[in-house]
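Participant: Sequence and predicted structure below; questions after.
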Amino acid sequence: AQSVTQLDSQVPVFEEAPVELRCNYSSSVSVYLFWYVQYPNQGLQLLLKYLSGSTLVESINGFEAEFNKSQTSFHLRKPSVHISDTAEYFCAVMNTNAGKSTFGDGTTLTVKP
Amino acid sequence: GAGVSQSPSNKVTEKGKDVELRCDPISGHTALYWYRQSLGQGLEFLIYFQGNSAPDKSGLPSDRFSAERTGGSVSTLTIQRTQQEDSAVYLCASSTALTGGYTFGSGTRLTVV
């Protein structure tokens, strides 16, 4: 069995400030890790993923996440946020031997001017 | 098609009626998933189809829920004798392989009155 805990349900931040959205997972087997984003009135879309190799992965819009196996974490960070980053962010874990993912409850990021 | 298509986008039904929700995945995606998202909560896994393998039905909440995938493509999720607690957004996703991450549809918002 596996589980995902997103430690903050709401994160308000001012524009151009740095942000970290925290994600911890629990699993007895090897996993792949994902962050998905849901912008207002839009569907869920994949933001970035860790499968293997470098533990630091990046998205095209400046977010990055680092896989920390010892701390079982996959926190999402951005050094300077924009108003357009306002969205709900979901962390997900997938057993490397099975196709289904377990999702966290989501973190609502609100960027204020 | 270009994306995952779900229909209807909204469905209001009376308690006790049966409903069918449809998902048309991206052409060539062998894996198809159903999740549901209740207000303010994360994504709850329902069922997973991978190629010609037997589906993983471990997330279906009761025997009122069933799903099929015809010809390895379109899937239908059926809820019999709907209850108010079935009200949620039902999301379908597809992927090319275990490690690909999901492409989600826009969802079907089901309201049971």
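Facilitator: Done, it's in. Numbering: from 1, shown residues only, chains lettered A, B, ... in the order given.
Participant: Contact partners for the residue nearest the centre of chain B?
Facilitator: Nearest residue to the geometric centre of chain B (CA atoms, centre = their mean): B:Trp34, 3.4 Å. Contact analysis of B:Trp34 by CB atoms under 8 Å, 6 or more residues apart in numbering or on different chains lists B:23, B:46-48, B:67, B:75, B:77, B:90-92. Every C-beta, even on glycine, is put in place using the N, C-alpha and C of the backbone.
Participant: run the last query once more with 10 Å
Facilitator: B:21, B:23, B:44-49, B:55, B:59-60, B:65, B:67, B:69, B:75-77, B:90-93 (CB atoms under 10 Å, 6 or more residues apart in numbering or on different chains).
Participant: do the same with A:Glu66
Facilitator: A:50, A:54-57, A:73-77.
Participant: coming back round to it: so which of the contacts of B:Trp34 would count as near chain A as well?
Facilitator: Among the contacts of B:Trp34, the residues within reach of chain A (CB under 10 Å from any CB of the partner chain) are B:44-49, B:59, B:91, B:93.
Participant: Select from these the one having the most neighbours.
Facilitator: B:Ala93 (27 neighbours; other CB atoms under 10 Å in any protein chain shown).
Participant: That one sits in which helix or strand?
Facilitator: strand B:88-95 (DSSP states H and E).
Participant: for that strand, packing partners?
Facilitator: Contacting strand B:88-95 under the criterion 3 or more CB pairs under 10 Å, 6 or more residues apart in numbering or on different chains; DSSP states H and E are the following elements: strand A:44-50, strand B:5-7, strand B:19-24, strand B:31-37, strand B:43-50, strand B:75-79, strand B:103-104, strand B:108-112.
Participant: one more time with 8 Å, if that's ok
Facilitator: Counting contacts by 3 or more CB pairs under 8 Å, 6 or more residues apart in numbering or on different chains; DSSP states H and E, strand B:88-95 packs against strand B:5-7, strand B:19-24, strand B:31-37, strand B:75-79, strand B:103-104, strand B:108-112.
Participant: State the paired neighbours of the fourth one in the sheet, together with their directions.
Facilitator: Going back to what we said before, that points to strand B:75-79. Strand pairing for strand B:75-79, determined by DSSP bridges: strand B:19-24 (antiparallel), strand B:65-69 (antiparallel).
Participant: With distance to A:Val93 and mean neighbour count as added columns, please give these in TSV.
Facilitator: Listed next are the strands paired with strand B:75-79 as TSV, based on distance: least, CB to CB, whole Å; neighbours: other CB atoms under 10 Å in any protein chain shown:
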stretch	distance to A:Val93	mean neighbour count
strand B:19-24	23	19
strand B:65-69	23	17
